[in-house]
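# coordinates only, no sequence provided:
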Ligand SMILES: [Zn+2]
């Protein structure tokens, strides 16, 4: 595999520290980009590409010193897994009486179309503070704000994650379109940036039309064009520096 490392120019994050993000540029196959490959992951506990997993471990060790237990709720997710989530939600919403268009728009508030999830890439994680008592759904915005259990972790990540290469794609910026704010979701930028660059060259319509998805006949060209611009590219600008 042709491996090159590019040192990108400095990166400013929320007006805080300036962090250089080195890209790890490899050739990413279509199957890897769509979650249909069989990527070699760091470990059963850390389901990320090895380099991302190692960076995560360093970040986890630093957080631990500050009394925070970074716990992965979700990392790598295959196309098949995302498809089962999609199809389950689609059928549920259909039974609730939603039209196909309403249904798709509701699902994409939080969930991606299979084949378009950043979780396919082995670079993205959903995190909580494992030192807190776990009750019910954990990935809820209110648990990361106000008096929520994960406020300390969120603030620690906002201050420190970029040092380890982790950046939050789904920010709370009002001008950002696409998926809702996700304070728990982080991307390992050195791999996720060049992966996104490769990803943008793919023909989504062609790939999705052969993927056996509920409602796929309703995915029009105009819908997918908007989805590409607002959802796939509706991320922090630091993650699309190409
Ligand atoms: Zn996520």
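Nice, I can see it. Quantities reported herein were computed from a predicted structural model and do not represent experimental measurements. Numbers count the residues shown, from 1 in each chain.
# okay, CA-based contacts and neighbour counts for the rest of this
OK.
# what residues does the protein put near the ion?
Within the chain, the residues that sit near the ion (Cα under 5 Å from the ion) are 126, 185.
# can you pull out the low-pLDDT segments for the chain?
Low-confidence segments of the chain (pLDDT under 70): 1-22, 25-26.
# point to the residue nearest the middle of it.
The residue lying closest to the centre of the chain (Cα atoms, centre = their mean) is residue 118, at 4.0 Å.
# farthest residue from the center of the chain?
residue 97 (29.7 Å).
# where's it relative to the ion, distance?
Counting by Cα to the ion, to the nearest Å, the gap from residue 97 to the ion is 28 Å.
# also residue 146?
Taken as Cα to the ion, the span from residue 146 to the ion is 21 Å.
# for residue 193, which non-adjacent residue is closest in space?
Take residue 193 and drop its neighbours on the chain: the residue closest to it by Cα to Cα, 6 or more residues apart in numbering is residue 239, 5.5 Å away.
# count of neighbours near that neighbour?
23 (other Cα atoms under 10 Å).
# next, residue 73: phi, psi?
The phi/psi pair for residue 73 (degrees, to the nearest 10) reads phi -90, psi -40.
# coming back round to it: excluding sequence neighbours, find me the nearest residue to the residue nearest to the centre of the chain.
Using Cα to Cα, 6+ apart, the closest residue to residue 118 is residue 124 (6.2 Å).
# from what I can see that neighbour touches residue 187, true?
Yes - with contact defined as Cα atoms under 8 Å, residue 124 counts as touching residue 187 (4.3 Å).
# neighbour count for those two, which is higher?
residue 124 (30 against 27).
# all helices for the protein, in order.
30-33, 50-65, 79-95, 100-107, 151-160, 189-199, 204-209, 221-226 (DSSP state H).
# for the fourth one, the distance to its chain's centre please.
Read that as helix 100-107. In terms of Cα atoms, centre = their mean, to the nearest Å, the centre of helix 100-107 is set 21 Å apart from its chain centre.
# pull out the buried residues from it.
Residues of helix 100-107 classed as buried by neighbour count (16 or more other Cα atoms under 10 Å): 100, 103, 104, 107.
# flag every buried residue along stretch 155-175.
Buried-residue list, stretch 155-175, by 16+ other Cα under 10 Å: 157-158, 160-171.
# closest to residue 129 out of the residues you listed?
residue 157 (10.8 Å; Cα to Cα).
# what about the closest one, distance to the ion?
Relative to the ion, and taking Cα to the ion, residue 157 is found at 15 Å.
# and if you look at residue 69?
Per Cα to the ion, residue 69 is found 18 Å from the ion.
# likewise for residue 59?
18 Å.
# could you list every residue that touches the closest residue in space to that residue that isn't next to it in sequence?
Leaving aside its chain neighbours, residue 59 sits nearest to residue 164 (6.1 Å; criterion: Cα to Cα, 6+ apart). Residue 164 makes contact with 55, 56, 58, 59 under the criterion Cα atoms under 8 Å, 6 or more residues apart in numbering.
# so which of the residues you listed is surrounded by the most neighbours?
residue 56 (23 neighbours).
# list the ones among the buried residues of stretch 155-175 that fall in strands.
Among those, the ones falling in strands (DSSP state E) are 166, 167.
# could you single out the nearest of the buried residues of stretch 155-175 to residue 200?
Looking across the buried residues of stretch 155-175 and measuring by Cα to Cα, the closest to residue 200 is residue 169, at 16.1 Å.
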